[in-house]
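K.L.:
With the sequence up front, the predicted model follows.
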Amino acid sequence: MRAMKAVFFMHKDRPVARTLFGAVPGIRLGLRAFLILMLGAGVLSAMALAAAAPKAKTAENKSAVSGDFVGAETCATCHEEVGKKFAENPHSKMVQMHGGNGVTCENCHGAGKAHVDGGGDTSKIFNPAKHSAKEVDAKCLSCHGGAHPNFANSPHGESGLSCISCHSVHKSKDTEKLLKAPQPALCFQCHSEQKAQFNMPFHHKINEGLMKCTDCHDSHGTFGKKMLRSTAEQNQICSKCHSETAGPFVFEHTPVKTEGCISCHSPHGSPNARLLNVSNVNTLCLQCHSDFNNANKAGVRGGVSPTGPVHNQSAQYVACTICHTQIHGSNTSNVFFK
């Protein structure tokens with residue numbers, strides 16, 4: 001019993017006895033062991049209940065599927081034309097859902113038992129054409145939300161457009177993306193200003209079919225402006241085709257990095273060569289490199305370095321880019337000579 005001998009410690013009020021086992025005064029070892037045993041039993045019971053719950057839920061869901069879903073074959077008895085064309089539809093892959101029971105139509109339209117039992121009552125089935133944009137989007141994004149996480153905050157989403165504004169599952173003109181019309185005709189239905197720009201003398205080859213609007217824009221929304229496809233270096237949207245402007249360069253032209261390509265170019269179309277914002281190259285350059293156009297609030301002149309040309313800029317003289325040929329950036333000259 002020597003091991004059980006108490007060791008006394010001095011306390012401000014009175015001595016407190018502690019055993020060598022560290023037991024708290026007033027609680028015996030047997031009671032402590034009993035409490036630990038009860039705690040362990042509670043944890044094991046909770047784990048058993050948690051493991052049993054998913055099984056019960058799964059069984060409940062399986063029962064609901066088998067009881068409420070009627071299968072695509074039943075749908076085809078009334079919707080024969082739709083059923084025949086559906087084999088070529090990308091959504092036909094959903095036949096593997098719900099254990100391969102073939103409830104393809106009901107993945108989008110909801111369980112069909114009540115609809116069938118009601119003699120085709122349209123109020124008992126989900127018809128996207130009769131629901132709000134928010135409800136339609138919720139249905140589509142339940143599967144496609146991972147690919148389009150920011151659609152609700154995109155200009156299209158905030159304008160009240162829904163998925164079926166551009167896509168048609170059963171009557172699409174495009175079997176891959178299920179678009180109602182091919183690009184760019186689909187986009188031009190709303191974006192008439194851009195349609196006019198692509199008809200200008202100098203434009204990206206959208207109308208010729210060499211490019212698509214979605215090469216640069218993501219119609220489902222991005223975390224950048226104008227729904228531009230996001231890249232680590234945003235100018236890559238342009239430089240993926242115009243690789244000679246990409247760099248990196250030893251001497252970089254500041255606007256390329258700070259304002260981007262559109263500081264000098266109109267991306268859709270322009271009446272000026274090289275899609276420039278203005279007709280005269282020298283005028284474009286002097287917007288920054290002019291001692292007069294860059295006076296500060298105190299009236300002190302001092303443009304972007306270099307502040308301006310050292311020779312006459314009259315119309316009879318050549319454009320700035322005749323000498324400053326490497327205007328996007330240079331590895332040899334800080335004034336972008338070749």
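P.N.:
Looks like it arrived, so ask away.
K.L.:
The protein: helices as residue ranges?
P.N.:
All helices of the chain, identified by DSSP state H, fall at 29-68, 72-76, 80-85, 97-100, 104-109, 113-117, 133-144, 155-158, 185-188, 192-197, 236-239, 254-258, 281-286.
K.L.:
what's around N277, how many residues?
P.N.:
N277 sits with 14 neighbouring residues when counted by other Cβ atoms under 10 Å. (C-beta placed from N, C-alpha, C; glycine too.)
K.L.:
wait, doesn't it sit right on P267?
P.N.:
No: contact criterion Cβ atoms under 8 Å: N277 and P267 do not qualify, at 10.5 Å.
K.L.:
quick check: mean pLDDT across stretch 224-236?
P.N.:
Throughout stretch 224-236, pLDDT has a mean value of 78.
K.L.:
now it, how far from the centre of its chain.
P.N.:
11 Å (Cα atoms, centre = their mean, to the nearest Å).
K.L.:
export that stretch as PDB, just CAs?
P.N.:
In PDB, the C-alpha atoms belonging to stretch 224-236 read as follows (Å, rounded to 0.1, in the frame of the first residue of the first chain):
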ATOM      1  CA  GLY A 224     -13.500  38.800 -64.900                       C
ATOM      2  CA  LYS A 225     -15.000  41.700 -66.800                       C
ATOM      3  CA  LYS A 226     -17.000  41.200 -70.000                       C
ATOM      4  CA  MET A 227     -17.200  37.500 -69.300                       C
ATOM      5  CA  LEU A 228     -13.700  37.200 -70.800                       C
ATOM      6  CA  ARG A 229     -12.100  33.800 -70.200                       C
ATOM      7  CA  SER A 230      -9.900  34.200 -67.200                       C
ATOM      8  CA  THR A 231      -6.200  33.600 -67.400                       C
ATOM      9  CA  ALA A 232      -3.300  34.200 -65.100                       C
ATOM     10  CA  GLU A 233      -2.100  37.000 -67.400                       C
ATOM     11  CA  GLN A 234      -5.300  38.400 -69.000                       C
ATOM     12  CA  ASN A 235      -3.600  39.400 -72.300                       C
ATOM     13  CA  GLN A 236      -3.200  35.700 -73.000                       C
END
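K.L.:
Outside of that stretch itself, list whatever touches it.
P.N.:
154-156, 216-219, 221-223, 237, 245-246, 256-257, 260-261 (Cβ atoms under 8 Å, 6 or more residues apart in numbering).
K.L.:
Now which of these would you call buried?
P.N.:
By neighbour count, with 16 or more other Cβ atoms under 10 Å, those hold 154, 156, 216-219, 221-222, 237, 245-246, 256, 260-261 as buried.
K.L.:
any idea which of those is the one closest to E80?
P.N.:
S219 (32.9 Å; Cβ to Cβ).
K.L.:
does that closest one really touch H156, like I thought?
P.N.:
Yes: using Cβ under 8 Å, S219 is in contact with H156, at 6.4 Å.
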